[in-house]
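Participant: Following is a predicted model, sequence given first.
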Amino acid sequence: MTNLEQRYLSAKRALFERYYGAFLNPEQCRAVLTVSGPLLILAGAGSGKTTVLVNRICHIIKYGTAYESKQVPDDLSEALVAEREGAVHAPLSKEELESLLNEYIARPCPPWAMLAITFTNKAAREIKERLRVALDNEELSEEIWAGTFHSICVRILRRYGERVGIAPSFSIYDTSDTKHLITEVMRELNIDDKILPIRSVTSAISAAKNELISPEVYESTAGDLRKRQIARIYKEYAERLLKYNAVDFDDIIMKTVMLLEENPDVAEYYQNKFSYVCVDEYQDTNPAQFKLTYLLSAKNRNIMVVGDDDQSIYRFRGATVENILQFDKVYTDAAVIKLEQNYRSTSNILDAANAVIANNEMRHGKTLRTEKAEGEKITLYRAENEDGEARFIVDTILHRRIEERRPYRDFAVLYRVNAISRSLETAFAKSGVPYRLLGGTRFYDRKEVKDILAYLFLLQNTGDDQRLRRIVNEPKRKLGDKTMDTVAALAEETGGSMFDVMLYANAFPPLAKVADKLLAFAGLITDLQKDAETVKPSELIPLVMEKTGYLAMLKAGGKAMEDDIDNLNELVSAAVAYEEKTLEPTLPGFLEEAVLVSDVDKYDEEADAVVLMTVHSAKGLEFPVVFLAGAEEGIFPGSQSINNPEELPEERRLAYVAITRAKEKLYATYTAQRLLYGQTQRFRVSRFFGEEIPQGLLERNERRPSPPPRATVPSARPSALSGEFARRASVSTQSAPRRAAFEHMAVGDRVLHSTFGEGEVLSVRSLGADELYEIAFDSGEKKKLMATYAKLKKL
DNA sequence: ATGGGGCTGCTTTTT
DNA sequence: GCAGCCCCAT
C-alpha cells in the first residue's frame, strides 16, 4: 500500500471518528465503528447502551463497511487526499460532514438484512422508534427485523413451522396454560402432585427446553425415579402440544432451533438473509437462545451482543451468565469493548454499586466511572417494623417533593419480593400520594380476559383441546368434566380433536344424552368462525362476548362483575390499538401480541405518580430518587439464597441493579421486625447494604440508643443524629409522635370498645412498642385493632 | 354439575 | 395474609 493510500484511509477513519465523536465517547465510537465479525459490548448500567446499539445499526445500514474497508479509488490523487485531510479539522456542519462520509459508503446493509433481538417488547419498541428517528425514514426502519426473541421466532415458525410439525394457525400457551396442561397430564399418568409438585415439574420441563433437551434425550438420561417420572410427563406433554397444534413460550425458541438444525435449506435462507445479527441483554440468554443466534449468524459471523454480566438476574428462568462470560472464548476472534462511563448516577451511588459487585467472582470486571459530583450519601434507614418503614418512605417523598420541587414520578420504591408491597401500598393509599403498583396479576392473566382469548384461539385453531375445555362450560352449558372426558376419550379413539367429536356428536352413542348441547356449542363456534373471516378483532370480541352468552353471564352477576366487563372493554381497546398500529391486522397477530405482552410494557412514565415494583421489573429503568425497601437478610438476599453459593451472586447482582437505578439519591430501608406471610419475624440489615457498601458512603439513622422497652413513654428523643435527619426521622418513625400508654390485654380478656361494644380478646401480638389484638365482638364481628388506637377498656 | 368452605404454601417472572 | 386448590355437600 502506498503512502498516499494510507493517508487516504486514515483521513477517512478520522472523519468517521470526528462525526461520531461529536456525540459519543471513544469507547462508544469504537463500538459503533466495529462492524464486521463477532463483537461483545460489555455495557455497564447507564452507559448509553441503547444509543450505541441504535447508532451502530444505523451506521451499518447507511455506510456498511466503509470505516473498515481498505478500498481506495483507482484514480486516487494527492489533491483528493489533501482535501479530505483538510476536512478532518475544517469547520463543517453536520450535513456537510455527512455528505463527505457518503463518499465512502461500502456495501451498505439493506434494512431487511439487519436483525436486532431484544427480550422485552418495550426494548424492541424503543429500538424501533429510535431507529425510525435516526434513519429519518419510516419505510426503511419498518423493514428492519427488530423484535423480541419470541416474536422473531414466531415469525419464522409461522412461515416454516410445518417442517417441525407446527401448522401456521398454532396456538401459544402462556405459563398458566402450560401449568394447567401439565396438571392434566399428571392426573392422567396418575402421578401425585403431593409427591412431585407441579411447580417443580414445570420448571424442570422448561429448563430442559431451554437447554434444547428433547423428551427422548431427557428420558434416556433420567436416572432416578423422580427424573423418570418427569420424563414421562415431559413426553406426554410434548405430544399433547403437538396434537393441539400449540407451543409454549419455551417451544417458541426450541422449535425454531430444531427447525433450523433439521432443515439446512431454511437455515441457509436465514443465514443468507441476515447480514448482521445484534442481540440485546445478552447476559439473560439461555442455551437455546445462544444456539439460535449462533445459527442465524453462522454464515457471515457478523454477530454483535450487548449486555452486562453484572446485571444477569434471570438464572431462575434458565438464563446462563456463561453465555456472556464465554462469548470471547466461543468466538475467539471477537472484539471486546467495555462501556464503563456512566451517565446516570452520582459518584457516591456508583462507588456503592462498584463496591457491592466487587464481592462477586466470575465477572468480566468493569468499574463504572462518572463525571458527576459525589452527590448525597446513601441513606440506610432502620425502622422498627414495616409500617414505620412505609411511613418513612412516604414522609420522605412528601418532604423532598416540596423542598426540591420534584414531581412524584421522580420517585420509585423497589423491593425484592412483591409481598413487601402490601404495607407500602397501604401507607401510600392513606397518605394520598399518587402511586402505581406494578406487578400482581397481569391484564391478560385475568380470568375473563383469558376466557375470551381462549374463545378466539379456539376459532383460529379448533384442535386446541386445552382451550376448548377451558371455555366449553363458561358460561355454564351443562357440559361438565364428565361429559368432556367422554368427548376426549372418543377423540382419542377416532384420532380427531375434541371439537371434531362435538361437531358430529349425534354419531356417538355414548353422547346421546348430551348431543344437542354439544352440537349447539360446535354450531356456535362454527358460526363465530365465519364472523372471524369478515370482521376485525376489535369487532369480533364483542360478537364473541354476545353470542357465547359470556356478557350475559357477567351482567347477571351484577356489581361484582362490573370490573370484569370493564376489563373486556379494555380488551376491545387493546384490539383497536393493535389494529391502528399494525399494517395488516389479523386475528393470529392480535392473539400473539396478547400472549406475548406484559404489563410492564405499559409503564411509560405517563402518570405523575410514585412507582412501586420489584427490582427485577426495574431493570433498564432509572429514577432520580430510589427507595429500596426490605433491605434485610432473609429478604434481600432471600432466605433461600443466603446459604447457597450458587444463588448468592445473583442476589448481589440484583442489589447492583437496584443501586444503579438511582440517579441522585438512594435510600435503603430495613426493619427490625416485619410481618411477612402472616407472621412477624425479626431481621438484621442486608449484607449488601449494611456491610458491603463502604461505610463512608452511608448515612445511618440508627446511631441512637436502642429503643426503649416496650410500653414505656420515651422521655426524651435521643439525638446523636444530624439535625436534618433527626427532623425527618421524628415525623416518620415507628415511635409515633404520641404514644399513649395503653392497658395490656391478654387472650381471653373481656374488653369494651367505644364503637364495637363488648368482646373477647382472641390473640395478642406484639408489634414493636405496640400490640395488635384480634377481638371477637359480641356483635359477631372479628376485628384486628392496634392497642394504641383502639382505646380498649378491660372489663 | 355446581358452589362453597377449609387447607396449604409461598422469590424473582423480560416471553 | 391471601390466593389457589381440593373436596364435599347439594
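Facilitator: Structure's in. What do you need?

Participant: Contacts only, for whichever residue of the stretch 401-550 of chain A sits closest to DNA strand B.
Facilitator: Among residues of the stretch 401-550 of chain A, the one nearest DNA strand B by CB to the nearest atom of the strand turns out to be residue A:480. It sits 2.7 Å away. (Glycine included, C-beta is placed from N, CA and C.) When contacts are counted by CB atoms under 8 Å, 6 or more residues apart in numbering, residue A:480 is found next to residue A:473.

Participant: next one: residue A:244
Facilitator: The contact partners of residue A:244, by CB under 8 Å, 6+ apart, come to A:171, A:461, A:463-466, A:497.

Participant: taking these as a set, which two sit the farthest apart in space?
Facilitator: The distance between the two most remote of the contacts of residue A:244 (CB to CB) is 12.0 Å, for A:171 and A:497.

Participant: okay, and the common contacts of these two?
Facilitator: Where contact means CB under 8 Å, 6+ apart, the residues bridging residue A:171 and residue A:497 through contact with each are A:244, A:464.

Participant: Can you pick out the residue with more neighbours from those two?
Facilitator: It is residue A:171, of residue A:171 and residue A:497, that has more neighbours when counted by other CB atoms under 10 Å, with 25 against 21.

Participant: Please name the residues that touch the more buried one.
Facilitator: Residues near residue A:171 by CB under 8 Å, 6+ apart: A:244-247, A:457, A:460-461, A:464, A:467, A:591.

Participant: Narrow those to those in strands?
Facilitator: Members of the contacts of residue A:171 lying in strands (criterion: DSSP state E): A:246-247.

Participant: Need the contacts of residue A:171 in TSV (columns: pLDDT and distance to residue A:60).
Facilitator: Shown next, in TSV, are the contacts of residue A:171 (pLDDT from 0 to 100; distance: CB to CB, whole Å):
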residue	pLDDT	distance to residue A:60
A:244	94	41
A:245	95	38
A:246	95	37
A:247	96	32
A:457	93	39
A:460	93	38
A:461	93	39
A:464	93	41
A:467	92	43
A:591	92	34
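
Participant: buried subset of the contacts of residue A:171?
Facilitator: With neighbours counted using 16 or more other CB atoms under 10 Å, the contacts of residue A:171 contain these buried positions: A:244-247, A:457, A:460-461, A:464, A:467, A:591.

Participant: what residues does the stretch 601-750 of chain A put near DNA strand B?
Facilitator: By CB under 7 Å from any atom of the strand, the part of the stretch 601-750 of chain A that sits against DNA strand B consists of A:601, A:613-614, A:616-617, A:619, A:638, A:640-641, A:647, A:651, A:677-678.

Participant: and of those, the nearest to residue A:52?
Facilitator: When these are compared for distance to residue A:52, the smallest value, 17.9 Å, is given by residue A:619; criterion: CB to CB.

Participant: Which residue is the nearest non-sequential neighbour of the closest residue to DNA strand B within the stretch 301-450 of chain A?
Facilitator: The stretch 301-450 of chain A approaches DNA strand B most closely through residue A:314 (3.1 Å), counting by CB to the nearest atom of the strand. Distances taken as CB to CB, 6 or more residues apart in numbering put residue A:284 closest to residue A:314, at 4.8 Å, once the chain neighbours are dropped.

Participant: Also residue A:372?
Facilitator: Computed as CB to CB, 6+ apart, the closest residue to residue A:372 that is not its neighbour in sequence is residue A:346, at 5.1 Å.

Participant: which ones are touching the one you found?
Facilitator: When contacts are taken as CB under 8 Å, 6+ apart, residue A:346 is in contact with A:370, A:372-376, A:663-664.

Participant: Recalculate using a threshold of 7 Å.
Facilitator: A:372-375, A:664 (CB atoms under 7 Å, 6 or more residues apart in numbering).

Participant: For chain A, what lies in contact range of DNA strand C?
Facilitator: A:179, A:183, A:193, A:419, A:422, A:441, A:675, A:677-678, A:784.

Participant: biggest separation within the contacts of residue A:171, which pair?
Facilitator: Among these, the pair separated by the greatest distance (CB to CB) is A:244 and A:591, at 14.6 Å.

Participant: And residue A:751, which helix or strand is it part of?
Facilitator: Using DSSP states H and E, residue A:751 falls within strand A:750-753.

Participant: which strands and helices sit next to that strand?
Facilitator: With contacts defined as 3 or more CB pairs under 7 Å, 6 or more residues apart in numbering; DSSP states H and E, the secondary structure elements packing on strand A:750-753 are strand A:757-767, strand A:793-794.

Participant: Quickly, which of those bottoms out on average pLDDT?
Facilitator: Lowest mean pLDDT within the helices and strands packed on strand A:750-753: strand A:757-767, a mean of 69.

Participant: returning to what we had before: quick check, nearest of the contacts of residue A:346 to DNA strand C?
Facilitator: Closest approach to DNA strand C among the contacts of residue A:346 (CB to the nearest atom of the strand): residue A:664, at 34.2 Å.

Participant: Quick check, the residue in the stretch 601-750 of chain A closest to DNA strand C?
Facilitator: Proximity to DNA strand C, evaluated over the stretch 601-750 of chain A using CB to the nearest atom of the strand, is greatest for residue A:678 at 2.3 Å.

Participant: And that residue, what's its pLDDT?
Facilitator: In the prediction, the pLDDT value recorded for residue A:678 is 83.

Participant: Check residue A:447 too.
Facilitator: Per-residue confidence at residue A:447 stands at 86 (pLDDT).

Participant: The stretch 451-600 of chain A: helices as residue ranges?
Facilitator: Along the stretch 451-600 of chain A, the segments classed as helices by DSSP state H, counting those that start in this stretch run A:465-471, A:481-494, A:498-503, A:515-534, A:537-547, A:550-556, A:562-581, A:587-596.
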